[in-house]
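Novice: sequence first, predicted coordinates after that:
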Amino acid sequence: MAEIVIVKDKAAAGALVADHIAELVRSNPETVLGLATGSTPLPVYEALRSRLEGVDLSRVRGFALDEYVGIDPAHPESYRSVITREVVEPLGLNPELIRTPDGTPEGIEHHGEEYDEAIRDAGGIDLQILGIGTDGHIGFNEPGSSFSSITRVKTLTEQTRRDNARFFDSIDDVPMHCITQGLGTILRARHIVLLAFGEGKAAAVAGAVEGPLSASLPGSAIQLHPHATIVVDEAAASQLTRSDYYRYAYDNKPEWQGI
C-alpha cells in the first residue's frame, strides 16, 4: 500500500518533499519531475528555493499535469503561465525543458498521445507531484475516469468550473475542456507524492487510501502504484482509521528508505 506520512502542517510537508527532491536532483541532475499546479504543491516549491545551494537544476525536465483547451498560453491562468510563474522562474529551471500539454484546438485529437510520447522520450517521470480534489480527482481526471487512461481531452464538470472561476473574471471565462495526463499516464511515474491539507480533503484522502478501488474516486488509483507517498497534515488525516499505524510505521522505518 501507499506510505502515509502525517505531518504537523503545510510547511512541514513542503520541507519534507523539498528535501527529497533536492537529494534526487543531486543524485541525478537530469531528473524528470511531474509538476502539479494549484495551492497544494506551493509549500514544496517554496521550500525547495531554500535548498538549492549545491543543487544544479539546469538540466531538470518537467511535465505539467494538465492545461485548458483553447486558452492563450500567455493568459495568466493558463497552466503554462502558472508553472512559469510558480515553479520555473522562482527555481531557475530551464523553461525549454518544462512542458505542458498542448491545448491548441487544432490537432487536439493527437496532442495527448504526443504528450505521452514526449514523457517516454524523456525517460519517464521520476517523481510526480499530485494534489487531490474534494471529490477525489487527481489532475483533471474527474470521477468516472479509467485507471488506464492516457493524456486526453476531458470535459470539466460544472463543479470544477465553479471551483476554478475564482481565478477568472467569471465562470463563463473558465474553459469547458482541458487536456490532462490520464490515470494510466500518472501511474507510470516511478514515484508518486500526493499532498493534501485541510479537513475539506479528509474524506477524499481516506477514500483514496483506505477505500475500495473505484473509478468513482480517481485518487484510489494510487493503491495500484508500487511507490506512492501520501503526505497530509493532521486535518486531512482526520478520517483515516489507521493513522496510529501510519505514524508508527513512518517513525520506525529504516532511514535509508527516505520517502
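Specialist: Done, it's in.
Novice: got any ranges where the stretch 1-150 of the chain has weak pLDDT?
Specialist: Judged against pLDDT under 70, the stretch 1-150 of the chain has no low-scoring part.
Novice: burial measure for Phe167, as a count.
Specialist: 12 (other CB atoms under 10 Å). Glycine gets a C-beta too; all of them are placed from N, C-alpha and C.
Novice: show me what contacts it?
Specialist: Glu77, Val174 (CB atoms under 8 Å, 6 or more residues apart in numbering).
Novice: quick check: it vs Pro76, distance?
Specialist: Using CB to CB, to the nearest Å, we find Phe167 at a distance of 8 Å from Pro76.
Novice: check Gly123 too.
Specialist: In terms of CB to CB, Gly123 sits 32 Å off from Pro76.
Novice: kindly report the same for Ala202.
Specialist: Looking at Ala202 against Pro76, where the rule is CB to CB, the gap reads 31 Å.
Novice: with Glu30 instead?
Specialist: Look at Glu30 and Pro76: by CB to CB, they are 30 Å apart.
Novice: who has more neighbours out of those two?
Specialist: Using other CB under 10 Å, the more surrounded residue of Glu30 and Pro76 is Glu30, with 14 against 10.
Novice: which stretches in the stretch 151-259 of the chain count as helices?
Specialist: Secondary structure of the stretch 151-259 of the chain by DSSP state H, counting those that start in this stretch: the helices cover 158-164, 183-187, 202-210, 243-251.
Novice: show me what the first one is in contact with.
Specialist: Outside helix 158-164, the residues that touch it by CB under 8 Å, 6+ apart are Gly133, Asp135, His137, Phe140, Glu142, Leu156, Ile171, Val174, Met176.
Novice: isn't the fifth one up against Lys154?
Specialist: It stands for Glu142. Yes: proximity of Glu142 to Lys154 meets the contact threshold set by CB atoms under 8 Å, at 6.5 Å.
Novice: how many residues are close by His227?
Specialist: Counted by other CB under 10 Å, the residues lying close to His227 total 13.
Novice: OK, contacts around it?
Specialist: Arg190, His191, Ile192.
Novice: among those, which ones are in strands?
Specialist: Among those, the residues falling in strands (DSSP state E) are His191, Ile192.
Novice: buried stuff in stretch 195-204?
Specialist: By neighbour count, with 16 or more other CB atoms under 10 Å as the criterion, the buried positions of stretch 195-204 are Leu195, Ala196, Phe197, Gly198, Lys201, Ala202, Ala203, Ala204.
Novice: contacting residues for the first one?
Specialist: In this case it means Leu195. Leu195 makes contacts with Ala13, Val17, Thr40, Pro41, Pro43, Val44, Ile129, Leu130, Gly131, Ile230, Val231, Val232, as judged by CB under 8 Å, 6+ apart.
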